[in-house]
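Enquirer: I need the structure of the sequence given here:
(one chain, ligands or ions: 2)
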Amino acid sequence: MSSPQSYLGLDSSTQSLSAVLVRVADGCASVAWEHAIVFDDALPKYGTRHGVLPSDDPAVAVSPPAMWVDALEQMLSALAARGQDLSTLCAISGAAQQHGSVYLAADGGFSRAVAPIWMDTSTRDECAEITAALGGAAVVAARTGSRVFERFTGPQIRKFSETDPHAYAETTRVHLVSSFLASQLIGSDAPLEPGDASGMNLMDLATRAWWPDAVEATAPGLATRLPLIVPADTVIGTVAPHWRTRFGLPAARVVVWTGDNPSSLIGTGLIEEGRVAVSLGTSDTIFGLMREPRVDNGGTGHVFGAPTGDFMGITVFKNGSLARERVRDEYGLDWAGVSAALRSTPPGNHGRLMLPWFDPEITPDVREPGVHRRELDPADASANVRAVVEAQMMAMANHSAWMGVDVRDIHATGGAAVNDDILQVMADVFNARVRRLQVGNSACLGAALRAWHADAAASGEPLSWHDVTRDLGQPAGRALTPRPEAVEIYRALRGRYAEFEKTARGAR
Ligand code: ADP
Ligand code: XUL
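Expert: Ligands and ions are numbered 1, 2, ... in the order given. Just a heads-up that it's a prediction; the model follows:
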């Protein structure tokens with residue numbers, strides 16, 4: 001019998017920091033501990049709502065990076081307070097919301113008190129300027145995996161360098177949320193890996209190195225301010241002495257952090273091509289592994305690096321959980337009420353449609369928020385609940401076609417994946433079997449499994465991705481199966497939904 005080992009995965013998302021501790025004994029992995037720190041509740045002094053600072057401008061979304069550090073401290077304190085032997089902890093890795101940028105000065109302090117995050121859409125001009133400088137959207141998409149998007153880090157850095165050149169001049173390092181928090185953990189400057197770095201419009205997907213033209217087109221002197229990019233399995237250090245002294249943690253290896261979506265790819269067990277996962281978190285995302293990068297010609301999807309060294313295709317929707325919550329709250333319901341409304345209304349909603357753009361939308365590109373209804377009475381609570389969920393699922397099915405996957409099986413994850421009635425709509429719209437993962441937070445689990453995989457390699461006993469995802473990274477429990485009569489209804493309705501989307505956007 002080999003001695004047990006444990007691996008910690010962290011996920012700093014929009015609304016919370018969560019942790020999963022995976023215990024490996026005799027080759028079998030199990031979850032030893034899960035914990036979450038919700039920013040609004042645990043750290044009220046920062047005044048965030050859903051993890052974001054209030055703003056009068058719907059295009060602006062920033063968060064205080066100091067809050068993320070405080071949450072990390074609370075998490076490590078909670079880990080230590082478990083009172084169990086921490087000496088089995090071999091490695092830690094993490095995931096974080098993608099695209100957000102943290103600006104540090106030479107003394108390690110913040111040169112900008114806030115970090116623009118993935119929900120920010122205030123960089124339209126910067127996107128146009130960078131696109132023009134690099135020869136057009138198709139050129140940028142082919143090189144970096146995505147056309148230039150408002151929330152991507154490049155245009156955000158450009159905006160900061162232009163609106164506050166003095167503070168930008170003081171900035172010596174621009175981190176992503178992932179590399180910023182990894183730096184806190186190891187007590188020195190952490191690198192990035194290709195998964196999160198491909199969310200910046202600055203990395204050359206083919207070489208997995210910074211693309212000099214993009215770096216130059218984005219902001220003056222940016223090259224020296226960017227972290228290194230290292231392979232996704234790199235051990236970047238050990239838990240810093242500061243944390244060891246404070247909380248009695250061992251000198252566990254720290255593996256380079258990644259973005260929440262690349263991490264979820266591992267946490268949902270998508271280590272082969274041909275399957276997709278849907279994450280219903282603050283953002284809704286649909287993604288799958290790709291051996292070769294197939295870039296989206298329609299300009300809505302992205303190709304990121306995958307932790308396996310391959311690629312992943314992904315389409316991202318901003319109006320995810322918070323849009324579902326808006327409808328829930330508007331009609332004074334709780335989640336049980338949302339489920340009851342879904343059960344009391346028929347698939348297809350008698351043709352009543354909603355475009356749920358409560359906030360500016362990423363997919364499709366909608367800058368001015370606004371909810372549109374067709375044949376839908378705003379006073380009809382149940383019909384509106386069904387309309388928002390059907391809209392989200394039809395948009396997801398329509399806009400992910402570019403990934404070229406014949407979707408038969410969906411691995412569902414994220415906070416709303418606990419809801420069977422929402423997953424039934426997903427199964428019917430996609431005509432696919434939907435299964436939940438054993439561990440709800442797949443980004444967090446993915447981080448723990450990545451830590452295990454990299455630690456095994458660093459110890460000279462490498463494991464395959466299949467080995468580390470076998471026990472925990474697989475769906476479990478009852479599958480939601482598509483109902484043939486509902487599938488027929490959505491086949492027709494998806495076209496009408498696409499046309500409604502087009503008309504509404506054209507009318508702007
Ligand atoms: P994040 O992207 O921040 O990691 P999560 O994946 O943790 O978010 O999802 C959090 C969201 O899950 C909440 O905002 C909430 O809207 C949603 N949620 C929680 N329980 C339910 C439920 N029973 N039905 C639908 N949505 C739910
Ligand atoms: C991905 C994206 C979101 C964030 C959410 O491109 O913008 O999924 O990563 O945390």
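Enquirer: Surely residue 423 touches residue 480?
Expert: Yes - counting by CB atoms under 8 Å, residue 423 touches residue 480, with 4.7 Å between them. Using the backbone N, CA and C atoms, a C-beta is placed for each residue, glycine as well.
Enquirer: what touches both of those two?
Expert: Shared contacts of residue 423 and residue 480, defined by CB atoms under 8 Å, 6 or more residues apart in numbering, comprise residue 434.
Enquirer: can you list the residues of this structure near ligand 1?
Expert: 13-16, 281-282, 321, 324-325, 335, 414-416, 418-419, 422 (CB under 6 Å from any ligand atom).
Enquirer: now for those residues, which pair is the farthest apart?
Expert: Longest distance between any two of these is 20.0 Å, between 16 and 422; criterion CB to CB.
Enquirer: higher neighbour count, these two?
Expert: Taking other CB atoms under 10 Å, residue 16 and residue 422 do not tie; residue 422 has more neighbours (23 against 20).
Enquirer: got a list of what the more buried one touches?
Expert: Residue 422 neighbours (CB under 8 Å, 6+ apart): 280, 324, 338, 342, 389, 416.
Enquirer: do residue 119 as well
Expert: If you count contacts by CB under 8 Å, 6+ apart, then residue 119 has 14, 52, 61, 151, 318, 359 around it.
Enquirer: In strands only, show me these.
Expert: Within the contacts of residue 119, no residue falls in strands by DSSP state E.
Enquirer: Most neighbours out of those, which is it?
Expert: Highest neighbour count within the contacts of residue 119, by other CB under 10 Å: residue 61, with 26 neighbours.
Enquirer: Tell me which residues of stretch 495-505 come out buried.
Expert: Applying a neighbour-count criterion of 16 or more other CB atoms under 10 Å, one finds 497, 498, 500, 501, 504, 505 buried in stretch 495-505.
Enquirer: same thing with stretch 451-459?
Expert: For stretch 451-459, by 16+ other CB under 10 Å, it's 451, 452, 453, 454, 455, 456, 458.
Enquirer: same question for that stretch, mean pLDDT?
Expert: Mean per-residue pLDDT for stretch 451-459: 98.
Enquirer: likewise stretch 489-506?
Expert: Across stretch 489-506, the average pLDDT comes to 97.
Enquirer: ok, residues contacting that stretch?
Expert: By CB under 8 Å, 6+ apart, stretch 489-506 touches 347-348, 351, 353, 355, 364, 366, 372, 374, 390-391, 394-395, 397-398, 428-429, 431.
Enquirer: One more: stretch 399-406?
Expert: Around stretch 399-406, the neighbours that count as contacts under CB under 8 Å, 6+ apart are 273-276, 286, 288, 290, 294, 296-298, 300-301, 313, 315, 317, 363-364, 407.
Enquirer: one more time with 7 Å
Expert: Contact with stretch 399-406 is made by 274, 276, 286, 288, 294, 296, 298, 300-301, 313, 315, 363-364, as judged by CB atoms under 7 Å, 6 or more residues apart in numbering.
Enquirer: Please apply the same query to stretch 217-230.
Expert: Outside stretch 217-230, the residues touching it (CB under 7 Å, 6+ apart) are 130, 133-134, 154, 157-158, 161, 171-175, 179, 189-194, 197, 202-203, 208-210, 215, 256.
Enquirer: of those residues, buried ones?
Expert: By 16+ other CB under 10 Å, these give 130, 134, 154, 157-158, 161, 171-175, 179, 189-194, 197, 202-203, 208, 210, 215, 256 as buried.
Enquirer: Among the residues you listed, which lie within helices?
Expert: Among those, the ones falling in helices (DSSP state H) are 130, 154, 157, 158, 161, 179, 194, 197, 215.
Enquirer: possible to save these as CSV with pLDDT?
Expert: Formatted as CSV, those follow (pLDDT from 0 to 100):
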residue, pLDDT
130, 98
154, 98
157, 98
158, 98
161, 98
179, 98
194, 98
197, 98
215, 98
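Enquirer: what about the helices in the stretch 301-450 of the chain?
Expert: Under the criterion DSSP state H, counting those that start in this stretch, the stretch 301-450 of the chain contains helices at 321-330, 335-343, 381-399, 420-430, 442-458.
Enquirer: looking at it, residue 304 is touching residue 152, isn't it?
Expert: No - Residue 304 is beyond contact range of residue 152, at 11.1 Å (criterion: CB atoms under 7 Å).
Enquirer: Mutual contacts of those two, please.
Expert: Residues touching both residue 304 and residue 152 (CB under 7 Å, 6+ apart): residue 199.
Enquirer: so where is the chain shaky, pLDDT-wise?
Expert: Within the chain, the stretches with pLDDT under 70 are 1, 507-508.
Enquirer: Quick check, the residue in it closest to ligand 1?
Expert: Here the chain gets closest to ligand 1 at one residue, residue 415, 2.0 Å apart by CB to the nearest ligand atom.
Enquirer: how many other residues sit next to that residue?
Expert: Counted with other CB under 10 Å, residues neighbouring residue 415 total 18.
Enquirer: just to revisit the earlier point, please list only the buried members of the contacts of stretch 489-506.
Expert: 347-348, 353, 355, 364, 366, 372, 390-391, 394-395, 397-398, 428-429, 431.
Enquirer: Mind picking the two most distant members of the residues you listed?
Expert: Top of the distance list for the buried ones among the contacts of stretch 489-506 (CB to CB): 366 and 431, 26.7 Å.
Enquirer: give the contact list for whichever residue of the stretch 251-400 of the chain sits closest to ligand 2.
Expert: Closest residue of the stretch 251-400 of the chain to ligand 2, CB to the nearest ligand atom: residue 283 (3.8 Å). By CB under 7 Å, 6+ apart, residue 283 lies in contact with 316, 317, 318, 320.
Enquirer: can you rerun that using 10 Å?
Expert: When contacts are counted by CB atoms under 10 Å, 6 or more residues apart in numbering, residue 283 touches 13-14, 97-98, 118-119, 151, 260-261, 316-322, 362-363, 414.
Enquirer: likewise residue 441?
Expert: 9, 11, 13, 16, 18-20, 34, 36, 95, 260, 263-264, 267, 279, 281, 413-415, 447.
Enquirer: Surely residue 425 and residue 412 touch.
Expert: No - between residue 425 and residue 412 there is no contact under CB atoms under 10 Å: 11.5 Å.
Enquirer: Spell out which residues make up each domain of this protein.
Expert: Domain assignment of the chain by automatic domain parsing yields the ranges 5-262+442-469, 269-436+478-508.
Enquirer: how much distance is there from the lengthiest helix in the chain to the middle of the chain?
Expert: In the chain, ranked by residue count with DSSP H as the criterion, the top helix is helix 484-506. Helix 484-506 has its C-alpha centroid displaced from the chain centroid by 27 Å (CA atoms, centre = their mean, to the nearest Å).
Enquirer: What degree of burial does residue 286 show, as a neighbour count?
Expert: Residue 286 has 25 neighbours, counted by other CB under 10 Å.
Enquirer: distance between the ends of stretch 286-300?
Expert: End-to-end distance for stretch 286-300: 12 Å, by CA to CA, to the nearest Å.
Enquirer: buried stuff in stretch 87-105?
Expert: 88-104.
Enquirer: Do a quick rundown of the strands in the stretch 101-250 of the chain.
Expert: Here the stretch 101-250 of the chain has its strands, by DSSP state E, counting those that start in this stretch, at 101-105, 115-116, 171-176, 203-204, 209-210, 235-238.
Enquirer: Brilliant, that's me finished.
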